[in-house]
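**Q** Pasted the sequence and its predicted model underneath.
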Amino acid sequence: MISSVTDSIFFHFPMLVMPIALVYGATRHEHPWNILVEACRWLYRLLMFLGTIAAVVFLMTWLI
């Protein structure tokens, strides 16, 4: 079976992470601007965390 682009986790990842970041920001603040700022901060932290994990896994597979 041929997989398409929409079957990839990387296609769905931005659509899953943005609402999570917005809901997290909304639990901390009431004003829309503060929600967006907190969502962007949380999104940055999440992407750095996941990027670090991906880099470690890539390095481990490359060395093995």
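**A** Alright, I've got the coordinates. This is a predicted model, so every value here is computed, not measured.
**Q** rest of the way, CA atoms for contacts and neighbours
**A** Fine.
**Q** Buried residues in the lowest-mean-pLDDT helix or strand in the chain, which are they?
**A** The weakest-scoring helix or strand in the chain, judged by mean pLDDT, DSSP states H and E, is helix 9-28 (a mean of 82). For helix 9-28, the buried set under the neighbour-count rule, 16 or more other CA atoms under 10 Å, comprises 21-22, 24-26.
**Q** Nearest to Val56, out of those residues: which one, please.
**A** Nearest to Val56, judged by CA to CA, of these is Ala21 at 24.1 Å.
**Q** Need the three-state assignment for the closest residue in space to that closest one that isn't next to it in sequence.
**A** The shortest distance from Ala21 to any non-neighbouring residue, by CA to CA, 6 or more residues apart in numbering, is to Ala39 (4.7 Å). Three-state assignment for Ala39 (DSSP: H, G, I helix; E, B strand; the rest coil): helix.
**Q** residues touching Ala39, list them.
**A** By CA atoms under 8 Å, 6 or more residues apart in numbering, the residues touching Ala39 are 18, 21-25.
**Q** before we move on, the earlier item: which elements pack onto the least confident helix or strand of the chain?
**A** Counting contacts by 3 or more CA pairs under 8 Å, 6 or more residues apart in numbering; DSSP states H and E, helix 9-28 packs against helix 32-63.
**Q** what's the model's confidence in the helix it packs on, averaged?
**A** For helix 32-63, mean pLDDT is 90.
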